[in-house]
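1. Show me how the following folds:
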Amino acid sequence: MPNRLSQKKDFFDSEFCQHKNFWQKRKVSVLSDMVFDLHNRKFARQVSHVATRHPVRKILVTSVQVPRRDRKLRTVFNRFRKTRHSVDFATARMMQGKGKFSNINTALSQVNLPDYDWVIVTDDDVDLPPRFLDMFIPLCEIMKLKISQPAHRYHSYTSFTFNYRKWNSIARVTRYVEDGPVTAFHRDAMAYLFPFPELRWAWATDILFCHEAHKRNHNVGIVDYTAIEHLKPAGNDYSVREAMTEARAFLARKSLQPDRQELFRITEILRRIDHNFLNCDIMV
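-> Sure, this is the predicted structure:
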């Protein structure tokens, strides 16, 4: 009998894909986040020191304006505005039949992308921690991340448990970053990723993003210290089956065969920021 552990699983196999959040159904998720918040206080002074001394960056925040959800988007944008960095915003009205990144491409076509150090693509159904960018951007740059995402709190909807924040970790270099609900792209990554693939459901675009970054020896990763809360599950407003079918076809066209065990792997963890700004554990 073949060894089950040696068999390569489809990336979108239901055995792996966490469409229905395990933690969200349990009150223990709230308690878990409280414990994490208390634990993370030991990092607060280190992160604050870096945040106040980090160079001011020019950041573009972009999103899709969904009908009847303008107020939600304004709330998210107001959170992004509370920062010492220079922030601009670019949006596009959702066009019928066009996917997330098709609309984002429209929004970004209205600006001069080389003007920005970072481009952040955000959904409108997220809750961000206070002064999110002041902490998130320096930690991304300390870890030399070119594509990054904030981790998820445990009382948050996420597609994969891999994206929940990790204990005793400020940030980590990984092999995979999800394409939502908040994804950040450094100017170096935008140079080879834009324009984004125009898929209807946007699944598997993140696999291509990470593949292109790894080809260039660019780091991708997750910032655990700035964990966010995604307020609704992915696939709530569309057919998961159609999204999965489109994703598999897209990967086949790109000759990509993602291995979940390889992608969901941590290579470095930032556990302490010293006077040289970096002290990390190397995972082999």
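2. what about Phe12, neighbour count?
-> Phe12 is flanked by 20 other residues according to other Cβ atoms under 10 Å. All C-beta spots, glycine's among them, are computed from the backbone N, C-alpha and C.
3. so Gly221, which of the three states?
-> strand (DSSP: H, G, I helix; E, B strand; the rest coil).
4. Look up which residues are beta-bridged to it.
-> Ser148, Val173 (DSSP bridges).
5. any idea how far it lies from Asp123?
-> 20 Å (Cβ to Cβ, to the nearest Å).
6. higher neighbour count, these two?
-> Neighbours per residue (other Cβ under 10 Å) separate Gly221 from Asp123, with Gly221 holding more: 27 against 21.
7. quick one: the most centrally placed residue in the chain from Lys82, how far?
-> In the chain, the residue lying closest to the centroid (Cα atoms, centre = their mean) is Gln149, at 2.7 Å. Distance, Gln149 to Lys82, using Cβ to Cβ: 20 Å.
8. sorry, back to before: which residues are in contact with the residue nearest to the centre of the chain?
-> By Cβ atoms under 8 Å, 6 or more residues apart in numbering, the contact list for Gln149 reads 163, 177-178, 182-184, 222-223.
9. And the pLDDT for it?
-> On the pLDDT scale, Gln149 is placed at 98.
10. what's the answer for Phe12, then?
-> 78.
11. Quick check: closest non-adjacent residue to it.
-> Nearest residue to Phe12, sequence neighbours excluded (Cβ to Cβ, 6 or more residues apart in numbering): Met244, at 5.0 Å.
12. what about the residue nearest to Tyr164 when sequence neighbours are not counted, how many neighbours?
-> With sequence-adjacent residues excluded and distances taken as Cβ to Cβ, 6+ apart, Tyr164 is closest to His152, at 5.3 Å. By other Cβ under 10 Å, 28 other residues sit near His152.
13. Thank you kindly, that will do.
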